[in-house]
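Enquirer: build me a structure from this.
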Amino acid sequence: MDLAPIAPALIGHNGGPPLDDEHRPEWGTGPVGSYFTWKKARKAALASVSRDVALFRIKRAERLGLTYEEYTIEILDRGRHLQASDTERIAEIIAARPKDR
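Expert: Here you go, the predicted model:
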């Protein structure tokens, strides 16, 4: 394993991350608004199902190439379970994934 030598820290440097990087809060660059209320509601909606329902959704999501969260949110938002024939909607969901995953 070839490790590059680490340069010694300058006097007064605490070894923390660089301060040049702009801080970005978890809610993004816009106003906070009701971010934390929505975050709590989303967590409650995803966690409020039985074990059997969660296992069913996990299997179905895997078959469609989606995550459990993506599949469940689709059910909550649109009120229907995605099928293999819903290729356009599945492609839209996959395309909307964050690029830094």
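Enquirer: hey, where'd the helices end up in the protein?
Expert: Here the chain has its helices, by DSSP state H, at 35-47, 51-64, 68-78, 87-95.
Enquirer: name the residues of the longest one that are buried.
Expert: Within helix 51-64, the residues scored as buried using 16 or more other CB atoms under 10 Å are 57, 60-61, 64. For every residue, glycine as well, the C-beta is placed using N, CA and C.
Enquirer: could the helices of the chain go into JSON lines alongside distance to G16?
Expert: Putting the helices of the chain into JSON lines (distance: least, CB to CB, whole Å) gives the following:
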{"stretch": "helix 35-47", "distance to G16": "27"}
{"stretch": "helix 51-64", "distance to G16": "39"}
{"stretch": "helix 68-78", "distance to G16": "32"}
{"stretch": "helix 87-95", "distance to G16": "37"}
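Enquirer: among those helices, which is the most enclosed?
Expert: helix 68-78 (a mean of 15; mean count of other CB atoms under 10 Å).
Enquirer: could you list the low-confidence segments of this structure?
Expert: Residue ranges of the chain with pLDDT under 70: 1-9, 17-21, 100-101.
Enquirer: what does stretch 26-37 contact?
Expert: Defining contact as CB atoms under 8 Å, 6 or more residues apart in numbering, one finds that stretch 26-37 is touched by P25.
Enquirer: mind redoing it with 10 Å?
Expert: Applying CB atoms under 10 Å, 6 or more residues apart in numbering, the contact partners of stretch 26-37 are 22, 25, 38-41.
Enquirer: nearest spatial neighbour of I93, skipping sequence neighbours?
Expert: Nearest residue to I93, sequence neighbours excluded (CB to CB, 6 or more residues apart in numbering): E70, at 5.4 Å.
Enquirer: do the same with R42
Expert: Distances taken as CB to CB, 6+ apart put I73 closest to R42, at 7.9 Å, once the chain neighbours are dropped.
Enquirer: wait, that neighbour sits on I93?
Expert: Yes: counting by CB atoms under 10 Å, I73 touches I93, with 8.7 Å between them.
Enquirer: which residues are common contacts for those two?
Expert: Common neighbours of I73 and I93, counting by CB under 10 Å, 6+ apart, are 66-67.
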